[in-house]
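**Student:** The following comprises the amino acid sequence and a computationally predicted model.
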Amino acid sequence: MRKFLSSAAVAVVMMAGLGAARAADVKEVQMLHWWTSGGEAAALNVLKEDLSKEGFAWKDVPVAGGGGDAAMTALKAMVAAGTYPTASQMLGYTVLDYAEAGVMGDLTETAKKEGWDKSVPAALQKFSV
């Protein structure tokens with residue numbers, strides 16, 4: 001389960017600006033995702049429980065659809081409106097597009113401090129910006 005959660009955490013991307021500031025001030029994580037089926041929802045509950053133990057409230061922004069196309073459309077609309085979620089599930093190169101647009105939070109210092117390079121597979125590290 002820990003290995004799965006580490007991989008899931010890599011798929012969760014912190015957004016910059018309003019969403020990140022709100023998380024720091026209000027201690028609420030607004031999470032846009034498409035983990036809506038039984039097993040996915042159960043795994044997501046583990047993340048929710050861990051955040052709750054650290055004093056964060058969780059605000060679900062689920063968008064049904066296994067491939068994530070509908071979620072990416074919703075994310076694009078949220079970013080365009082300036083109402084970024086705190087975090088979003090993304091796939092591969094989409095992460096790089098949002099990073100280049102300057103709407104992603106910088107987790108470099110946290111990653112270095114916690115040694116993410118030792119637990120994140122090399123194939124996924126190329127999506128780190």
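**Tutor:** Happy to help now that I have it.
**Student:** what are the ranges of the helices in the protein?
**Tutor:** 2-11, 18-26, 38-53, 69-81, 92-100, 108-114, 116-119, 122-125 (DSSP state H).
**Student:** List the buried residues in the fifth one.
**Tutor:** Think helix 92-100. By neighbour count on 16 or more other Cβ atoms under 10 Å, the buried set for helix 92-100 is Thr94, Val95, Tyr98, Ala99. Using the backbone N, CA and C atoms, a C-beta is placed for each residue, glycine as well.
**Student:** could these be laid out in CSV, adding distance to Val29 and pLDDT?
**Tutor:** Shown next, in CSV, are these (distance: Cβ to Cβ, whole Å; pLDDT from 0 to 100):
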residue, distance to Val29, pLDDT
Thr94, 20, 84
Val95, 18, 84
Tyr98, 18, 86
Ala99, 20, 85
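**Student:** any chance of the residues you listed in TSV, plus distance to Glu54?
**Tutor:** Below are the buried residues of helix 92-100 laid out as TSV (distance: Cβ to Cβ, whole Å):
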residue	distance to Glu54
Thr94	27
Val95	24
Tyr98	25
Ala99	25
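**Student:** now, among those, which is nearest to Lys53?
**Tutor:** Closest approach between these and Lys53, by Cβ to Cβ: Val95, at 27.1 Å.
**Student:** returning to that earlier point: can you redo the helices of the chain as TSV with distance to Lys59?
**Tutor:** Listed next are the helices of the chain as TSV, based on distance: least, Cβ to Cβ, whole Å:
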stretch	distance to Lys59
helix 2-11	18
helix 18-26	10
helix 38-53	10
helix 69-81	13
helix 92-100	20
helix 108-114	22
helix 116-119	25
helix 122-125	26
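**Student:** right, and these - which one's nearest Val63?
**Tutor:** Judged by Cβ to Cβ, the one of the helices of the chain that comes nearest to Val63 is helix 69-81, at 3.9 Å.
**Student:** if we look at the closest one, which residues are touching it?
**Tutor:** 15, 32-34, 61, 63-65, 84-85, 88-90, 94, 98, 101, 103 (Cβ atoms under 8 Å, 6 or more residues apart in numbering).
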